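Peer 1: A structural model of the following input is requested.
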Amino acid sequence: MDTTVDGPLDTEPDEPPDTAPDGPLDAPAERRVVELFAAVGAEVRLHAVALDDERREFGVGADEQVVLASVFKILLVLEFARQADAGQLDPRERVVVTAADQLGGWGTAGCADEVEMSLRDLAYFTMTVSDNAAADALLRRVGLGPVQMLAAELGLDRTRITGGPRQQLQTMLEDAGAADAAEFAARFPALDAERLHRFRALDPRCATSGTARDLTTLLRLIWQNRAGSPAACARVRELMCQQVFRQRLATGFPDEVLIAAKTGTLPGLHNEAGVVHWPDGGRYAVAVFARTAGPAWRRTAVDRAIGRAARLAVDVLRTRRDPLRDHRAELR
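Peer 2: Have a look, this model is predicted:
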């Protein structure tokens, strides 16, 4: 049993047959999204918005508090990029990730020996493979306080950052009554849903949390160069485009559609937030947070539902174009 927060949980397993219903074409889109997740034993909170017109939005529980899990790393890497661009730190500064820092999983977190790399490479691993040890090292350098203040500065009023992956994992060990990761791995399969429900790491009142709308607001500001300098925002966009995990949002779209995103995974939590770039220039920020009753880390059917719901949401936004704008475009 892997006890990492995100990381290897964001793999792309073989896909079983997709059984979620499409629903009738005339059914309200919100109901269809809810039905998609109900069919795979999950609940969903979702928000999508057109980057060129924030009046075009679509949501299901968009303002309800959810656990962010590793999706919070978008904000962390943004703060790093802002500090680097402002000259507050040298992105080439070397950092040693020791054996004690390694939580298991992808990147430096799964290495057998200590690793030395630059801060900018820590940011790369944090975003592209959701490296938890890299994220903790980066958070120590930029500071928890500045990340929290950044959320407030950007108007993410419902977002609260309580700590990094190690802090989150430590609460899971304590709530499971385990002394270390090995004991947690032994205890975890026997935990029932009621016990798991009491885990602080899975409770938005205790853990790092926010709302789907807060996440799309953050993405919109990054894509519009309003979350920092143009260089800092561009760096975050570049890293999000390089995320290796493609089992959630990306499954809902054809290959020619570019997805820049960040996943987040905990027992029973399956999240992803990103920007969908359509070939015709349309860009849409989408955040999907799915929760299941059981403790499974991997739920392929839920991952597939995330992609289908994201596609449905984007399709709704693409049909809500400003008719005056479209008319002006036709005249040109």
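Peer 1: so residue 56 belongs to a strand, correct?
Peer 2: Yes: counting by DSSP: H, G, I helix; E, B strand; the rest coil, residue 56 is part of a strand.
Peer 1: tell me where the stretch 101-250 of the chain has helices.
Peer 2: Using DSSP state H, counting those that start in this stretch, the helices of the stretch 101-250 of the chain run over 119-128, 132-142, 144-153, 165-176, 181-187, 193-197, 212-223, 230-241.
Peer 1: so which of these gets nearest residue 290?
Peer 2: With distances scored as Cβ to Cβ, the stretch of the helices of the stretch 101-250 of the chain nearest to residue 290 is helix 212-223 (10.9 Å). (Each C-beta comes from the backbone N, C-alpha and C, glycine too.)
Peer 1: mind listing residues that contact the closest one?
Peer 2: Under the contact criterion Cβ atoms under 8 Å, 6 or more residues apart in numbering, helix 212-223 has outside partners 45-49, 51, 54, 57, 59, 61-64, 66, 68, 71, 74-75, 78, 154-159, 227-228, 233, 236-237, 273-275, 283, 285-289.
Peer 1: is it true that residue 294 touches residue 194?
Peer 2: No: Residue 294 is not in contact with residue 194 according to Cβ atoms under 8 Å; the separation is 11.6 Å.
Peer 1: more neighbours, these two?
Peer 2: Shown here are residue 294 and residue 194; by other Cβ atoms under 10 Å, residue 294 has more neighbours (12 against 7).
Peer 1: show me what contacts the more buried one?
Peer 2: Going by Cβ under 8 Å, 6+ apart, the list of residues near residue 294 reads 41, 193, 268.
Peer 1: so it sits in a helix?
Peer 2: No: counting by three-state DSSP, residue 294 falls outside a helix, being coil.
Peer 1: and it, what's its pLDDT?
Peer 2: Note on residue 294: pLDDT of 72.
Peer 1: distance of it relative to residue 189?
Peer 2: 11 Å (Cβ to Cβ, to the nearest Å).
Peer 1: just to revisit the earlier point, which of the contacts of helix 212-223 count as buried?
Peer 2: 45-49, 51, 57, 59, 61-62, 66, 68, 71, 74-75, 78, 154, 156, 158-159, 227-228, 233, 236-237, 273-275, 283, 285-289 (16 or more other Cβ atoms under 10 Å).
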